[in-house]
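# model this:
(one chain, ligands or ions: 1)
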Amino acid sequence: MAGKLIKALALNNEFRVFVVDATEMIREAQARHNSWSTATAALGRTMIGSTLLGATLKGNDKLTVRIDGDGPAGHIVVDSNGRGETKGYIKNPQVSLDLNKHGKIDVRGAVGTKGSMIVTKDLQLKETFSGHVPLVDGELGEDFTYYMATSEQVPSSFGLSVLINPDESVKTAGGFMIQVLPEASEDSIGLIEQRLKELPLISKLMSQGLSPEQLLEKLVGRNNAHIVEEQSVQFLCDCSKERFAQAMVTLGSQEIQEMIEKDHGAEIECHFCRTKYHFTEQDLEELKLEARTV
Ligand SMILES: [Zn+2]
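Presented below is the predicted three-dimensional model:
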């Protein structure tokens, strides 16, 4: 089952608002990485933020978000594209910390507060675009907001939220991105800021059964927005044995020969989805020949 992302314009086209139900996506990430609560929330929030950023792209365009913090979770890497397909991993998935002093899941404790956030966009042009900002908060919502303001010069607000069950499974996950468009008046900005202050966690509202459309209404008020587009979102990894074979060819024939002699084969695991690919000695001999002719 896929999740849903809606794109809307709010008030008098003064704001662009994206809202996503990413529950299934983050459930799949949790299951594939066998991650524990705090790591699941950190990876999940990064995936939700990346999916919201990815939704600003056209179909085949894609982006990578890399969070490099000094916390025990290690780095987080997420890829997303304009079709709502997202994959991601966290260096140390088995991180489970006590709740923070507000009784909330301690994402900052897992991610850390020193480090960087790098967003690389591949818009299928000659060069990729890359934005690099320091981590400013570690809870990640603020970090995405800071990235948008400084690197893309778009004032915005992100809400990223993952609710975890006691058995480590994901109850709900979702989020929003509000971008302030140039036409926005001070009054409208004040109104939205006030609503955001009073807004409960998105994942909490989702656990009460609210749909993305109803969440949109909570964000901007009843009858204040119109939906311009809707798309499905899901955890999807595009890896294949063929792709890893091509990567091995680029290592060169000498390295492949070493794998043949030492291990009589190779097993490669995809970081993103944890699928394992096995290469037999025969497979490697063929790749070695291919590497020689490159
Ligand atoms: Zn994969």
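# wait, what's in contact with F244?
Taking Cβ atoms under 8 Å, 6 or more residues apart in numbering, we find F244 in contact with I268, C270, Y277, F279. C-beta here means a position set from N, CA and C on the backbone, and glycine is covered the same way.
# now those in a markdown table, with distance to F129 and secondary structure?
What follows is those, written out as a markdown table (distance: Cβ to Cβ, whole Å; DSSP: H, G, I helix; E, B strand; the rest coil):
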| residue | distance to F129 | secondary structure |
| --- | --- | --- |
| I268 | 30 | strand |
| C270 | 26 | coil |
| Y277 | 31 | strand |
| F279 | 35 | strand |
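# nearest to the ion, of those?
Proximity of the contacts of F244 to the ion (Cβ to the ion) peaks at C270, which lies at 3.1 Å.
# so who does that closest one touch?
C237, C239, F244, K276, Y277.
# mind redoing it with 6 Å?
Listed by Cβ atoms under 6 Å, 6 or more residues apart in numbering, the contact set of C270 reads C239.
# what's the answer for R66, then?
R66 sits next to V77, I118 when contact means Cβ under 6 Å, 6+ apart.
# Just list whatever residues bridge to it.
V77, I118 (DSSP bridges).
# confidence score at the residue in the stretch 1-150 of the chain that the ion sits nearest to?
Closest to the ion within the stretch 1-150 of the chain is K87: 6.6 Å, counting by Cβ to the ion. pLDDT, K87: 98.
# Surely it and F272 touch.
Yes - the pair K87 / F272 is scored as a contact, 4.2 Å apart, by Cβ atoms under 6 Å.
# got the contact list for the helix or strand hosting the residue of the stretch 1-150 of the chain closest to the ion?
Using DSSP states H and E, K87 falls within strand 85-90. With Cβ under 6 Å, 6+ apart as the test, strand 85-90 has contacts from 39, 43, 47, 51, 73, 76-80, 236-237, 271-272.
# first vs last residue of stretch 221-228, how far apart are they?
One end of stretch 221-228 to the other measures 17 Å (Cα to Cα, to the nearest Å).
# Contacts for that stretch, please.
Contacts of stretch 221-228 (Cβ under 6 Å, 6+ apart): I6, K7, A8, A10, L11, L216.
# So which of these belong to helices?
L216 (DSSP state H).
# Highest neighbour count among the contacts of stretch 221-228?
L216 (24 neighbours; other Cβ atoms under 10 Å).
# just to revisit the earlier point, residues shared between the contacts of K87 and F272?
Contacts common to K87 and F272, judged by Cβ under 6 Å, 6+ apart, are C237.
# More neighbours: the two, which one.
A direct count of neighbours by other Cβ under 10 Å for K87 and F272 places K87 higher, at 25 against 21.
# what's the distance between that one and V119?
Here K87 is placed at a distance of 16 Å from V119 (Cβ to Cβ, to the nearest Å).
# now swap in A173 and tell me
21 Å.
# out of the two, which sits in the busier spot?
A173 (30 against 22).
# Would you mind listing what in the stretch 101-250 of the chain touches the ion?
C237, C239 (Cβ under 5 Å from the ion).
# Now do the helices in the stretch 101-250 of the chain.
Using DSSP state H, counting those that start in this stretch, the helices of the stretch 101-250 of the chain run over 107-111, 141-151, 186-198, 202-207, 212-220, 241-249.
# So what touches the fourth one?
Residues outside helix 202-207 that contact it (Cβ under 6 Å, 6+ apart): G159, S161, V162, L163, K171, T172, G174, G175.
# Thanks again, I'm all set now.
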